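# Let me see the structure of the following:
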Amino acid sequence: MKVPTGIDGFDKILYGGLNRRASYLIKGEPGTGKTIFGLQFLLEGVRRGEKCTFISFDQPLEELKNQAEGFGWNIDKIGVVDRTEDIELKDFGFLDYGEGEVVSFIDSIVKDVGDADRVFIDGAGVIRDLCKDQFLYRRILTTLIRKIGKSTVLISSEGVEIGRDIISYIVTGEFFLKKIHKNGEVLRKIIIAKFRDKHAVSSAYYTITENGIQVFPLLRESIGKINEKKIDSSSLRNLLKGEDIINGAGVLIAGKSGVGKTFLSLDIARKNKSIYITFEESPDLLKNRAERVFGKLNNVEIKTYKVDNIGEFFRTLIDDVKEKRPSVVVIDSIEYLFNIVESESDVKEHLYMISEILKPAGVSLILTVPLEGEMTSTIFTEAGISHIFDYIFFGRYVELDGEFLKAWTVIKNRYGDHERGYRILDVSDGLKFGEPIKDYNGIISGELRIRK
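Presented below is the predicted three-dimensional model:
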């Protein structure tokens, strides 16, 4: 039987929650949210009418109450046992105590637990430090867990190594809270290091909000059928030999800065019910620029997502699509996503899952990709995401008679034929593609020369 933790997203990973009458370790360095995790676990028990006990070896009662109040939580119905003063009296270590004293210490904790359904023991590392002997530490914890075995027990301990603590070999499961420092920001991940039951994923991003911990597992889901028509992409029909983009397709629009990626994406979005997520500039500024070129954007909702990590981005996007039910979603651009992940592979995994959810719904995903190098060494092949997309459009600058022009071509069309050459893009009065460039060489080098 499952014991829900009450932590949004985490119970989905564990298919309902923890196993009843089992013991778990929640581990991480200071500031990762171990105590918050434990409080949410106990408060969910209170909400369900269960008896819950918090035993603290690390934080005095008043500090705990203040922390809970910061989240708007009332912990009066949780039995809080403050053992911090007892620990201070034993600060010279258990090695100076006899057998009876150790047994008495264990029995006193068992008495504190009583017949509680849920128990959170905060600060097991303090007991470890007091023992000074790993065998005594193991004995205390093993005996304690056995004697309170009728409860579902969560134990917190500080540390940065996964599965290496003595307690790791005693408990039924171990969860590791990880902090990643990147670009001056902190990303957070929870890792399922050990769980003796099936679980959906081995790790997920999480945040600590004003409401507590929220976990964002990368899980497949069905959002129903939203769009069954092809995407109106009339400006691209010449490049696609008269065809529109298939509904549910993935579209990658790549090119150097200023070559027209954003306007090309907006031109498709404005002709269909769309959500346009911008990270390159503010929504208002982008809308004003676009309306000077296209007129009123009646079908497009331009917005940005203020998220801490790519897991939160994924959850926000899918929820937005379920609520707004657009035919097209544009992400402008992929660069932002690389700033909110631990590794580039996380970008690939999340984009793949977004595509897998949107495709059956008939919602097309458009992603813009800025390029620094040439077409042969592009970021979308290096990141391993090109296979996710059904269409790839590539734009670059070319020089003709001393003037820099924006030339576009199709690299990939999974659903049919496409032109092999380039067309010049003009956005001075709307968005228009010129005739195919046939009389010139030097497209790849960027310097056009009249073909002899």
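
# From here on, just use CA atoms for contacts and neighbour counts.
Fine.

# Nearest the middle, which residue of the chain would you pick?
Centre of the chain computed as the mean C-alpha position; nearest residue by CA atoms, centre = their mean is Gly311, 1.1 Å away.

# Give the rounded mean pLDDT of the strand or helix carrying it.
In this structure, Gly311 sits in helix 310-324 according to DSSP states H and E. Here helix 310-324 scores 98 as its mean pLDDT.

# Report all helices and strands that the helix or strand that it is followed by contacts.
As assigned by DSSP H and E, the chain's next helix or strand after helix 310-324 is strand 328-332. For strand 328-332, the contact count by 3 or more CA pairs under 8 Å, 6 or more residues apart in numbering; DSSP states H and E identifies helix 261-270, strand 274-278, strand 364-370 as packing neighbours.

# what angle do the longest one and strand 274-278 make?
Using axes from the mean of the first three to the mean of the last three CA atoms, to 10 degrees, the direction of helix 261-270 lies 160 degrees away from that of strand 274-278.

# Report the angle between helix 261-270 and strand 328-332.
160 degrees.

# ditto for the shortest one
When the same axes, to 10 degrees is applied, the directions of strand 274-278 and strand 328-332 differ by 10 degrees.

# Can you spell out which helices and strands pack onto strand 274-278?
For strand 274-278, the packing partners by 3+ CA pairs under 8 Å, 6+ apart are helix 261-270, strand 300-303, strand 328-332.

# which other helices and strands contact the host helix or strand of Glu335?
Using DSSP H and E, Glu335 maps to helix 334-338. Judged by 3+ CA pairs under 8 Å, 6+ apart, helix 334-338 is in contact with helix 344-361, strand 364-370.

# If we ignore the residues flanking it in sequence, what's nearest His181?
Spatial nearest neighbour of His181, excluding adjacent residues (CA to CA, 6 or more residues apart in numbering): Leu187 at 6.3 Å.

# oh, I was asking about His418
In space, His418 is closest to Leu240, 4.5 Å off (CA to CA, 6+ apart).

# Tell me how many other residues crowd Arg83.
17 (other CA atoms under 10 Å).

# quick one, helices of the stretch 351-452 of the chain?
Listed in chain order, the helices of the stretch 351-452 of the chain (DSSP state H, counting those that start in this stretch) span 379-382.

# count of residues packed around Val330?
Neighbour count for Val330, taken as other CA under 10 Å: 23.

# For it, list each beta-bridge partner.
Assessed by DSSP bridges, Val330 has beta-bridge partners Tyr276, Ile366.

# In this structure it contacts Ser265, no?
Yes: contact criterion CA atoms under 8 Å: Val330 and Ser265 qualify, at 7.1 Å.

# who touches both of those two?
Overlap of the contact sets of Val330 and Ser265 (by CA atoms under 8 Å, 6 or more residues apart in numbering) consists of Ile366, Thr368.

# that older thread, just the C-alpha atoms of the helix or strand that contains the residue nearest to His181, please, in PDB.
Using DSSP H and E, Leu187 maps to strand 185-195. Extracted C-alpha coordinates of strand 185-195, given in PDB (Å, rounded to 0.1, in the frame of the first residue of the first chain):
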ATOM      1  CA  GLU A 185      22.000  30.400 -10.600                       C
ATOM      2  CA  VAL A 186      21.200  27.200  -8.700                       C
ATOM      3  CA  LEU A 187      19.500  24.300 -10.400                       C
ATOM      4  CA  ARG A 188      18.000  21.500  -8.300                       C
ATOM      5  CA  LYS A 189      17.600  17.800  -9.000                       C
ATOM      6  CA  ILE A 190      16.200  14.900  -7.000                       C
ATOM      7  CA  ILE A 191      17.900  11.500  -7.700                       C
ATOM      8  CA  ILE A 192      16.200   8.200  -6.900                       C
ATOM      9  CA  ALA A 193      19.300   6.400  -5.800                       C
ATOM     10  CA  LYS A 194      17.500   3.400  -4.400                       C
ATOM     11  CA  PHE A 195      13.800   2.400  -4.300                       C
END
